[in-house]
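Student: take this sequence and fold it.
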Amino acid sequence: MKFLPAGYKTKDLEKPVKNKWRWDWLNECDEKGDKWGNWLKKTDIPGVAFCECCAKTIKYGSSGKKGLKNHAKDSNHLKNKSVVPGLRQRADNPVVPSTVTTLETPWGSKVYIVGTAHFSKESQDDVTKTIEATQPDVVMVELCNSRLNILQLDEEKLLEEAQNINLEKIQLAIKQSGLGQGIMHLLFLSMSAHLTKQLGMAPGGEFRRAFRDAKKIAGCRLQLGDRPIQVTLRRALSSLSVWQKIRLAWYLLTSNDPISKEDVEKCKQKDLLEEMLKEMTGEFPGLSEVFVKERDSFLAHSLKHAAQPLPHPVVPGAHLPSVVVGVVGMGHVPGIMENWEKLQYNMKDIMTVPEEGYLPKVLRFGFRLSFLGIFTFACWRVYRWATPMIT
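Tutor: This next block holds a predicted model:
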């Protein structure tokens, strides 16, 4: 059994029944003034509707609107309606910004994907409007556990953090991700810091807004939907040859061109970081595969998981379709749509970290050996300098 969207042409479907379905029935109100559309759904079965409050079907084929009206007055229905959360607050077709794409699962859950530009105040406002209009059960953001702290810090602190890459940050990145992945992470952080300085806005504002707005809705939970950054970075590095890694590092270190006012306006209309990655795919095609396509599939999988039906609060064993708002970079939206019906990647495969080759191990060992040599030489110089003073 599936639910039909409002306005769906039911003429052919309803041929076998005496009293045909009418969409204007959803605008009828009960004795308390609540619209039927807040709990009544049309199914893909002729002559059958569904009450979300009672988690049961209602046959109207023989009795028409009268049968639905009797159900609306039933004491059990009124009792259930008073305890089922959220049904009276949700519009059947909420008005959402143009940056929102609506998807539906086979079990009737709705997913509203807000495509954002990571450096845009307008995107943050779109997130608020969408959450307020849809009253979701789950808000999913394009983050992983390693980037969870972006939700806790205030805008000024994040701006300061992004603009200052110090030795402590370098050591922490290498400690968490290893030498190669840590350096690559820092190079991408450097690119983000450059954009932050130019735009005067820290990235991730739409995620912080989603976090704050989700907390205002009773029962709404936040879900992290992105693949762990360490896995993404290691898979990205493994997709490049040694020469490509050197060229990529050079590209990231030297791509600090000033951003014009026109570029700032463009940032409000597209995912700038994703666009910069697309520009690099000519020389580094593996990066597009790992950073964009694989993550599109992972995000689609996360959204479907977030949209699982919810246990009915009144009827044992019954379930209700859920409502989900996903907040992702707009560069991911087309890919999520392509992966919605069928995932293009196996989740186990794209969560696998390739084994490190022989050459990276040699380079890492050489780096550590060089660092140890420099440290030993520095200690020897300090000893030579301090010895005459002690004697």
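Student: what domains does the record give for the protein?
Tutor: 1-93, 105-350, 356-391 (automatic domain parsing).
Student: mean pLDDT lowest where, among those?
Tutor: In terms of average pLDDT, domain 356-391 trails the rest of these, at a mean of 47.
Student: got a list of what residue 3 touches?
Tutor: By C-beta atoms under 8 Å, 6 or more residues apart in numbering, the contact list for residue 3 reads 41-44, 50, 108, 321. (Glycine included, C-beta is placed from N, CA and C.)
Student: let's have these in CSV, adding secondary structure.
Tutor: Listed next are these as CSV, based on DSSP: H, G, I helix; E, B strand; the rest coil:
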residue, secondary structure
41, strand
42, strand
43, strand
44, coil
50, strand
108, coil
321, coil
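Student: top of these by number of neighbours, please.
Tutor: With neighbours taken as other C-beta atoms under 10 Å, the top of these is residue 42, carrying 23 neighbours.
Student: I'd say it and residue 4 touch.
Tutor: Yes - counting by C-beta atoms under 8 Å, residue 42 touches residue 4, with 4.7 Å between them.
Student: need the residues touching each of the two.
Tutor: Contacts common to residue 42 and residue 4, judged by C-beta under 8 Å, 6+ apart, are residue 10.
Student: how about residue 71, what does it touch?
Tutor: Residue 71 neighbours (C-beta under 8 Å, 6+ apart): 51, 54, 58, 77.
Student: state the number of residues packed around the second one.
Tutor: Using other C-beta under 10 Å, residue 54 has 21 other residues around it.
Student: find the nearest non-adjacent residue to it, please.
Tutor: Leaving aside its sequence neighbours, residue 54 sits nearest to residue 80 (C-beta to C-beta, 6 or more residues apart in numbering; 5.2 Å).
Student: what residues sit buried inside stretch 306-324?
Tutor: 306-307, 310, 312, 314, 320-324 (16 or more other C-beta atoms under 10 Å).
Student: which residues touch the nearest residue to residue 335 once chain neighbours are set aside?
Tutor: Excluding the flanking residues, the one nearest residue 335 by C-beta to C-beta, 6+ apart is residue 296, at 2.7 Å. Going by C-beta under 8 Å, 6+ apart, residue 296 touches 332, 334-336, 338-339, 344.
Student: before we move on, back to that, ok, so of the buried residues of stretch 306-324, who is nearest residue 209?
Tutor: Comparing the buried residues of stretch 306-324 against residue 209 with C-beta to C-beta places residue 324 closest, at 16.7 Å.
Student: what's the helix or strand containing that closest one packed up against?
Tutor: Assigned by DSSP states H and E, residue 324 belongs to strand 323-329. When contacts are defined as 3 or more C-beta pairs under 8 Å, 6 or more residues apart in numbering; DSSP states H and E, strand 323-329 packs onto strand 110-116, helix 121-134, strand 138-141, helix 205-215, helix 294-306.
Student: what's the closest of the ones you listed to residue 243?
Tutor: Nearest of these to residue 243, taken as C-beta to C-beta: helix 294-306 at 23.0 Å.
Student: residues of the closest one that come out buried?
Tutor: Within helix 294-306, the residues that count as buried by 16+ other C-beta under 10 Å are 294-304, 306.
Student: do stretch 48-56 as well
Tutor: Using 16+ other C-beta under 10 Å as the test for burial, stretch 48-56 gives 48-55.
Student: ok so, going back, if we look at the helix or strand just after the strand holding residue 324, which residues are touching it?
Tutor: Toward the C-terminus, strand 323-329 is succeeded by helix 333-340 as the next helix or strand (DSSP H and E). The contact list for helix 333-340, computed with C-beta under 8 Å, 6+ apart, reads 101, 103, 113, 115, 292-293, 295-297, 299-301, 303-304, 326, 328, 344.
Student: may I see the buried residues of the next helix or strand after helix 333-340?
Tutor: Counting by DSSP H and E, the next helix or strand C-terminal to helix 333-340 is helix 347-350. If you call a residue buried by 16+ other C-beta under 10 Å, then helix 347-350 has these buried ones: residue 350.
Student: ditto for stretch 114-122
Tutor: Buried, per 16+ other C-beta under 10 Å, within stretch 114-122: 114-120.
Student: can I get those in CSV including distance to residue 14?
Tutor: As requested, those are exported to CSV (distance: C-beta to C-beta, whole Å):
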residue, distance to residue 14
114, 36
115, 37
116, 41
117, 44
118, 47
119, 50
120, 46
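Student: tell me which two of these sit farthest apart.
Tutor: 114 and 119 (15.2 Å).
Student: make sure residue 25 is indeed in a strand.
Tutor: No - read with three-state DSSP, residue 25 is helix and lies in no strand.
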